[in-house]
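Asks: below are the sequence and a predicted model; questions follow.
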Amino acid sequence: MWSTAADELAHGLRPVPSGPAYRVNSPPANAPVTQELSAELARVLERFAKDSGFSEQRPVHIQFGQGTVGHHQAGRAADIYGVEGIGIEKWKARWDAKLGLARRAEQRHAPARQERHSNLGWRLYKALQVYGYWTQPYGYPIQLFGPWTREEGPWKYISDGLLAAHGDHIHVAK
Ligand SMILES: [Zn+2]
């Protein structure tokens, strides 16, 4: 159940704001989060945008979705479903196709390098991993999950179930 706008304001929750080099979708999909999470995402998204060649003149578009379980209820988690209008699962399928082909051809390096340069889903995941500070509840892994988690970490032992649950979005919590 979602609280009213007045409740959200009273608890200091707000949707993740757009930044100079990135734009986010509007509420209600861009669900309100804590000020702390909002600030962390804003910092990392701007860094991702600039690193990936976007700018104030040509910002990148990020699509948030509405998570429902666990940390989402307190505004402490956010789910990202797309970059530049392309779903995270499509970015991952493209990644797998490019690197799978490269592996078979035994010429991995050039396609991998090219895909690291141009795959915005993978780039966003890595920016969140490298530049973000996410929560790690006692006894639980760092709260960054997505379709790349088993290959890239931070928690490579992710279960099949949890990996499947994050096949189409990136989840972060703070
Ligand atoms: Zn989530």
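Replies: Okay, I see it.

Asks: in stretch 20-39, which residues are buried?
Replies: 21-25, 30-34, 37-38 (16 or more other CB atoms under 10 Å). Where you see a C-beta, it was placed from the backbone N, CA and C, and this is true even at glycine.

Asks: so residue 158 touches residue 150, yeah?
Replies: Yes: counting by CB atoms under 8 Å, residue 158 touches residue 150, with 5.5 Å between them.

Asks: neighbour count winner among those two?
Replies: A count of neighbours by other CB atoms under 10 Å puts residue 158 above the other of residue 158 and residue 150, at 18 against 15.

Asks: how about the helices in this structure?
Replies: Along the chain, the segments classed as helices by DSSP state H run 5-10, 35-51, 88-104, 109-118, 120-131, 149-152, 160-165.

Asks: okay, those helices in TSV with mean pLDDT and distance to the ion next?
Replies: As requested, the helices of the chain are arranged in TSV below (pLDDT from 0 to 100; distance: least, CB to the ion, whole Å):
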stretch	mean pLDDT	distance to the ion
helix 5-10	64	18
helix 35-51	97	12
helix 88-104	86	12
helix 109-118	85	25
helix 120-131	98	13
helix 149-152	96	13
helix 160-165	95	9
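
Asks: quick check: residue 120 touching residue 86?
Replies: Yes: counting by CB under 8 Å, residue 120 does reach residue 86; the two are 7.4 Å apart.

Asks: more neighbours, these two?
Replies: residue 120 (22 against 15).

Asks: what number of residues lie near residue 11?
Replies: 14.

Asks: thought residue 111 was touching residue 98?
Replies: Yes: if you go by CB under 8 Å, residue 111 and residue 98 touch, sitting 5.3 Å apart.

Asks: quick one on the thing from earlier: pick the most buried one from the helices of the chain.
Replies: helix 120-131 (a mean of 21; mean count of other CB atoms under 10 Å).
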